[in-house]
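Engineer: quick one: sequence and predicted model below, then my questions.
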Amino acid sequence: MDKFLIKNGMLWNGNGFSKKDVLFEGKHVTKIDDNIEADTLRKFDASGLIVMPGLIDIHMHMRNVSIDAFGTDVSAGCFPNGVTCAVDASAVSGDKEFLDTFAVKNAVFVSPTFNNGNYNFDNFEQYNKSYGDKLLGFKLFYDGDNFDGVTPLKEVCAFAKDKGLKVMVHTNNSPVSMMDIAKTLNSGDIITHAFHGGRNNAAEDNFECLKFAREKGIVIDTGFAGHVHTDFTVLKKAMDAKFYPDTISSDLTRASAFIRFGRYGLNYCMSIMRTLGMPEEEIFLSVTKNAAKAVGKENDWGTLEIGSTAVTVLGLSNEPYSITDKMGKTVSDNKSYRTYLTVVNGDAVYSY
Ligand SMILES: [Zn+2]
């Protein structure tokens, strides 16, 4: 059986660091130990680097799954960022069979049809059939003035709860307050773009709305979208108050990736959070265990143990970055996270 050995790295698996080697045999991790020797040419020296579970991006847009204007190549968007599990946050095409061809483990949110101020679920049975167990729930673009307060949101939440599904809500420029959204969502639902700076943003009540949401079991997700759906002044305020998101996600699209020459992705988002003061282990949790839990995959995604199929080797590099939000506020640093190796099913699918 083909072997792949990762030597000398610092293993992080949700709780502290320890120096360990990791061995893949075939598609799976078969050994994690202090000093593993293996007769293979496929070795990676992870000295000075962090060996961790394959990362999870719970909000991105995949080519031939989301609409064409958004959909980005899955492997090109994920592997250089150490992402081995991802969620499409507004799937309209492809089906379970097609999604199964991706080396990135995946799941989807779909959108109910919106007509004359109301959601209807005419397309639900069709989506349910085509995506099968990959369907996590509904993504709502709760943006603009075509909504009668929280009523349409309430209806989707009730429908989703009845079906055992989740609701992920786009909150930038929402017509209702973040507190109203928090009061309407059910436990397990997700607020994305939680740190936007548009009307009804979370800084307006000093993040009480997001604290209330968290108490209820609602997931607080960044959904960066490059410089578009996160206001760095709002985000910095939250970090200063030590209010950290549960999950960091990229909202990666063709636009956000390509205007940054392909460099934008989950690692970029993690770097922004680090620069603004989120502690490193909180960052790591938000893209592994927390993210897995947020999408109900805690038994399969975001862990590194015997039997796992993915590993990411990450480090803090001396490559500077700089990003300016819509309001003109810039976040920059002379250090950034970089993926040095991504292994999926025992194969190195990316290395720096
Ligand atoms: Zn999105």
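Structural biologist: Alright, I've got the coordinates.
Engineer: make it CA atoms for all contacts and neighbour counts henceforth
Structural biologist: OK.
Engineer: doesn't I306 make contact with T30?
Structural biologist: Yes: contact criterion C-alpha atoms under 8 Å: T30 and I306 qualify, at 5.2 Å.
Engineer: how about the helix or strand harbouring V311 as CSV, C-alpha atoms only?
Structural biologist: For V311, the host element (DSSP states H and E) is strand 310-317. The C-alpha trace of strand 310-317 is given here as CSV (Å, rounded to 0.1, in the frame of the first residue of the first chain):
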residue,chain,number,x,y,z
ALA,A,310,-7.0,14.4,5.3
VAL,A,311,-4.3,16.5,6.9
THR,A,312,-3.2,20.1,6.5
VAL,A,313,0.2,21.4,7.3
LEU,A,314,0.0,25.1,8.1
GLY,A,315,2.5,27.7,9.1
LEU,A,316,2.9,31.4,9.7
SER,A,317,4.9,32.8,6.8
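Engineer: contact partners of the next helix or strand after that strand?
Structural biologist: With elements assigned by DSSP H and E, the helix or strand that comes after strand 310-317 is strand 321-324. Strand 321-324 has contacts (C-alpha atoms under 8 Å, 6 or more residues apart in numbering) with H227, T330, V331, S332, D333, N334, K335, S336.
Engineer: bridged to T324, which residues?
Structural biologist: For T324, the beta-bridge partners are T330 (DSSP bridges).
Engineer: neighbours of it, just the number please.
Structural biologist: Other residues within reach of T324, judged by other C-alpha atoms under 10 Å, total 15.
Engineer: for F232, see how far away it is.
Structural biologist: Note on T324: its distance to F232, by C-alpha to C-alpha, to the nearest Å, is 8 Å.
Engineer: F195 in helix, strand or coil?
Structural biologist: When classified by DSSP: H, G, I helix; E, B strand; the rest coil, F195 comes out as coil.
Engineer: show the contacting residues for it.
Structural biologist: N201, A202, A203, T222, H229, T230, D231, F232, V234, L235.
Engineer: so which of those residues sit within helices?
Structural biologist: F232, V234, L235 (DSSP state H).
Engineer: let's have the residues you listed in TSV, adding pLDDT, neighbour count and distance to G132.
Structural biologist: Listed next are the ones in helices among the contacts of F195 as TSV, based on pLDDT from 0 to 100; neighbours: other C-alpha atoms under 10 Å; distance: C-alpha to C-alpha, whole Å:
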residue	pLDDT	neighbour count	distance to G132
F232	96	26	37
V234	97	20	38
L235	97	24	36
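Engineer: now do the shared contacts for T324 and F232.
Structural biologist: T330, V331.
Engineer: rewinding a little: now the contacts of strand 321-324: which count as buried?
Structural biologist: H227, V331, D333, S336 (16 or more other C-alpha atoms under 10 Å).
Engineer: secondary structure for these - can I get that in TSV?
Structural biologist: Shown next, in TSV, are the buried ones among the contacts of strand 321-324 (three-state DSSP):
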residue	secondary structure
H227	coil
V331	strand
D333	strand
S336	strand
